[in-house]
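In: Fold the following.
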Amino acid sequence: MRSVLTTIPLALTLSVLSLAYPTQWNNQQLAFTHINRHGANHATEMEEGYARFDEDKVFRVEISSVAELKQLEETIEAHNFDLWSNLRIGSVDVRVPAASVETFQSLVHMPTTVMVSNVQDLVPSQTQLLSTQAQGQWNYTDDSFWANYHNLTTLNDFTETMIAEYPDLVKRVSMGHTYEGREVFGMSIHGGHKSSGLLDDEDNDDEEMDLEEMVESWWSWLFGSTKKFKHNKKGSDHNKKNKKNKKKKAIVIHGGQHAREWIGPAVVSYIAKELITGYGQHKKITRLIDQFEFVVVPVLNADGYDYTWTTNRMWRKNRQPTSIPLCKGIDPNRNWGYMWNHGGSSSNPCSDGYHGPKAFAALEPKMIADYITEKGNVVSYIDFHAYSQLWMSPFGADCNKTPKDDEDIIEAAMGAAKALKDVHGTKFAVGSVCNIIYQASGGSLDWTYGEAGVKYSYAVELRDTGKHGFLLPEDQILPSAEETYAGFQHLVNFIRKREKQWRW
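Out: Purely as a prediction, here's the structure:
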């Protein structure tokens, strides 16, 4: 029996999805730099090649009409400003180089607020970052690991260590290789039957009796017989006997599709740690891992993520060549194959929102899409991003379309947002991409739901709402991870209870 959908007021948010809109490359600037500035537009290269953003500012522009929206879009494209949040009616965040601040202010007449007065103040020193990684001694099962951001080498070591130390629980999963030859890999986490003796006892703690059980209970009390339900009970017994022949349903999560969104890989690795170390120690976690397979890939865009550590903190795309040699990279989350190139992306190879020459031209979305298709048993998918504090559902490409499972999808997301808020009070807005932000085609959650049939498909925008944007301080990593894990755990438990036919 479906539980009644509880109406939970959607949290209002002034920030929007960090999925860039088309920006126009200024070819004149290309002649004066030997690094590809796109994605970190107008950056100054210093500190042994690491891009700097001295006196760059992030403006929040308040948009109240479609005409204002188009005017801002044209200004951004003409001057190659870095769009931090998506174009929408409402609040739009734009990073403006120091040399262009006066130009921006003379062209944009809508109300504006300075969110970040000097971007470089938020960019950590590369020397400091790398010296922290060089220490090489990490306890991957202790929360102290999430006191810092970590480079690709350290995150890969985290994954390999978990695989080596928990061989009965964690298996290595390889998705493929990037253009620059890096392997994209993660963990498959699934248990045996440690929870088999716990399920009946614990189900009463957090699960309502379903309709059949309730009616059968009353029938037995009134008439002293359960004959009416014998056929169903036999079917249930038959299902139990054949559970060993069923393939576990899988839940796939990843971070780092956009390179500069460092909080994503940090949160995803924390979720993996909590699942792994909680198995056999906490009843609820053990039950979930016994009933589902969790596939966790901390960093999908390995080339781009590594580039943010070595060269340019503001890089967003992957590192594949394009038709313009000095404009590398395809936006992986504008290149998925569901309604590709239907709005909210760019055909300009120099744009952060470049959707590529064709769907799945980018290697990263292609490899994970192939994995999901071949696996055939994925029932939930979450793509973790930053920033804006949003828990989003399909669709983003077709704003006239609503998922047939929308009631379940939204109910699960609203419950996850509430569980998340209960940890540290952080509010997340819930809704479809189109309703919560703006049209954006070629996104991951549209493909996983619309093409792969993954019912519970989401894109989650993590902290914050614009004070720091993509440069979230390290002291917010652990709180963000803790609250997101609570929301994730609620979501999986919701799926377990709602979709009983998927139980192991």
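
In: got any ranges where the chain has weak pLDDT?
Out: For the chain, the stretches with pLDDT under 70 are 1-48, 193-246, 503-504.

In: at 50 instead, please
Out: 1-40, 45, 47, 199-242, 245 (pLDDT under 50).

In: The stretch 51-200 of the chain: helices as residue ranges?
Out: 66-79, 101-107, 126-134, 152-165, 199-206 (DSSP state H, counting those that start in this stretch).

In: Which stretch among those approaches residue 372 most closely?
Out: Closest to residue 372 of the helices of the stretch 51-200 of the chain, according to Cβ to Cβ: helix 152-165, at 19.1 Å. (Each C-beta comes from the backbone N, C-alpha and C, glycine too.)

In: before we move on, back to that, pipe the helices of the stretch 51-200 of the chain into CSV and attach distance to residue 59 per row.
Out: Shown next, in CSV, are those (distance: least, Cβ to Cβ, whole Å):
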stretch, distance to residue 59
helix 66-79, 10
helix 101-107, 7
helix 126-134, 26
helix 152-165, 32
helix 199-206, 46
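
In: tell me the most buried of these?
Out: helix 152-165 (a mean of 18; mean count of other Cβ atoms under 10 Å).

In: hmm, who's touching it?
Out: Around helix 152-165, the neighbours that count as contacts under Cβ atoms under 8 Å, 6 or more residues apart in numbering are 133, 138, 140, 145, 150, 170-172, 182, 185-187, 265, 269, 272-273, 276, 298-299, 302, 305-306, 309.

In: by how many degrees do it and helix 126-134 diverge?
Out: Relative orientation of helix 152-165 versus helix 126-134 (axes from the mean of the first three to the mean of the last three Cα atoms, to 10 degrees): 10 degrees.

In: Quick one: distance of helix 152-165 to the chain centre.
Out: 20 Å (Cα atoms, centre = their mean, to the nearest Å).

In: that older thread, and of the helices of the stretch 51-200 of the chain, who's closest to residue 259?
Out: Nearest of the helices of the stretch 51-200 of the chain (Cβ to Cβ): helix 152-165, 10.2 Å.

In: which residues sit in contact with residue 335?
Out: Neighbouring residues of residue 335 by Cβ under 8 Å, 6+ apart: 355, 356, 359, 360, 361, 362, 365, 442.

In: top of the residues you listed by neighbour count?
Out: residue 442 (32 neighbours; other Cβ atoms under 10 Å).

In: Which strand or helix spans residue 289?
Out: helix 283-291 (DSSP states H and E).

In: Which strands and helices lie in contact with that helix?
Out: If you count contacts as 3 or more Cβ pairs under 8 Å, 6 or more residues apart in numbering; DSSP states H and E, helix 283-291 packs onto helix 199-206, helix 263-278, helix 477-498.

In: In JSON lines, list those along with distance to residue 386.
Out: Converted to JSON lines, these look like this (distance: least, Cβ to Cβ, whole Å):
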{"stretch": "helix 199-206", "distance to residue 386": "31"}
{"stretch": "helix 263-278", "distance to residue 386": "5"}
{"stretch": "helix 477-498", "distance to residue 386": "9"}
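
In: Out of those helices, indicate the one that is most buried.
Out: Greatest burial across the helices and strands packed on helix 283-291, using mean count of other Cβ under 10 Å, falls to helix 263-278, with a mean of 24.

In: how far off helix 477-498 does it point, in degrees?
Out: Using the same axes, to 10 degrees: helix 263-278 against helix 477-498 is 60 degrees.

In: which other helices and strands contact helix 263-278?
Out: For helix 263-278, the packing partners by 3+ Cβ pairs under 8 Å, 6+ apart are helix 152-165, strand 183-189, strand 249-254, helix 283-291, strand 292-297, strand 378-386, strand 456-462, helix 477-498.

In: tilt between the fourth one and strand 183-189?
Out: Translated: helix 283-291. 110 degrees.

In: what does the third one give?
Out: With the same axes, to 10 degrees as the criterion, the two stretches strand 249-254 and strand 183-189 enclose an angle of 140 degrees.

In: Likewise for the longest one?
Out: Regarding helix 477-498 and strand 183-189, their directions subtend 60 degrees when assessed with the same axes, to 10 degrees.

In: For residue 392, what is the enclosing helix or strand?
Out: With DSSP H and E as the criterion, residue 392 is inside strand 390-393.

In: buried sites along the helix or strand that that strand is followed by?
Out: Toward the C-terminus, strand 390-393 is succeeded by helix 406-424 as the next helix or strand (DSSP H and E). If you call a residue buried by 16 or more other Cβ atoms under 10 Å, then helix 406-424 has these buried ones: 408-421.

In: would you list these in JSON lines and tack on distance to residue 398?
Out: Converted to JSON lines, the buried residues of helix 406-424 look like this (distance: Cβ to Cβ, whole Å):
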{"residue": "408", "distance to residue 398": "20"}
{"residue": "409", "distance to residue 398": "15"}
{"residue": "410", "distance to residue 398": "17"}
{"residue": "411", "distance to residue 398": "22"}
{"residue": "412", "distance to residue 398": "21"}
{"residue": "413", "distance to residue 398": "19"}
{"residue": "414", "distance to residue 398": "22"}
{"residue": "415", "distance to residue 398": "26"}
{"residue": "416", "distance to residue 398": "24"}
{"residue": "417", "distance to residue 398": "24"}
{"residue": "418", "distance to residue 398": "28"}
{"residue": "419", "distance to residue 398": "30"}
{"residue": "420", "distance to residue 398": "28"}
{"residue": "421", "distance to residue 398": "30"}
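
In: Among these, which one lies nearest to residue 314?
Out: Looking across the buried residues of helix 406-424 and measuring by Cβ to Cβ, the closest to residue 314 is residue 420, at 27.3 Å.

In: Which residue, other than its chain neighbours, is closest to the closest one?
Out: residue 487 (3.5 Å; Cβ to Cβ, 6 or more residues apart in numbering).

In: just to revisit the earlier point, can you lay out the helices and strands packed on helix 263-278 as TSV showing distance to residue 316?
Out: Shown next, in TSV, are the helices and strands packed on helix 263-278 (distance: least, Cβ to Cβ, whole Å):
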stretch	distance to residue 316
helix 152-165	16
strand 183-189	17
strand 249-254	16
helix 283-291	33
strand 292-297	18
strand 378-386	11
strand 456-462	14
helix 477-498	20
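
In: Which among those is found nearest to residue 427?
Out: Comparing the helices and strands packed on helix 263-278 by Cβ to Cβ, helix 477-498 comes nearest, at 10.5 Å.

In: Convert the closest one to PDB, retaining C-alpha atoms only.
Out: Provided in PDB are the C-alpha atoms of helix 477-498 (Å, rounded to 0.1, in the frame of the first residue of the first chain):
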ATOM      1  CA  ILE A 477      33.700  19.000   3.900                       C
ATOM      2  CA  LEU A 478      32.800  16.800   6.800                       C
ATOM      3  CA  PRO A 479      29.500  18.500   7.700                       C
ATOM      4  CA  SER A 480      28.500  18.400   4.000                       C
ATOM      5  CA  ALA A 481      29.400  14.700   3.900                       C
ATOM      6  CA  GLU A 482      27.600  13.800   7.100                       C
ATOM      7  CA  GLU A 483      24.300  15.400   6.100                       C
ATOM      8  CA  THR A 484      24.400  14.100   2.500                       C
ATOM      9  CA  TYR A 485      25.000  10.600   3.800                       C
ATOM     10  CA  ALA A 486      21.900  10.900   6.000                       C
ATOM     11  CA  GLY A 487      19.900  11.900   3.000                       C
ATOM     12  CA  PHE A 488      21.300   9.100   0.900                       C
ATOM     13  CA  GLN A 489      20.600   6.500   3.600                       C
ATOM     14  CA  HIS A 490      17.000   7.700   3.800                       C
ATOM     15  CA  LEU A 491      16.600   7.500   0.000                       C
ATOM     16  CA  VAL A 492      17.900   3.900  -0.100                       C
ATOM     17  CA  ASN A 493      15.700   2.900   2.700                       C
ATOM     18  CA  PHE A 494      12.700   4.500   1.000                       C
ATOM     19  CA  ILE A 495      13.500   2.500  -2.100                       C
ATOM     20  CA  ARG A 496      13.800  -0.700   0.000                       C
ATOM     21  CA  LYS A 497      10.300  -0.100   1.500                       C
ATOM     22  CA  ARG A 498       8.500   1.200  -1.500                       C
END
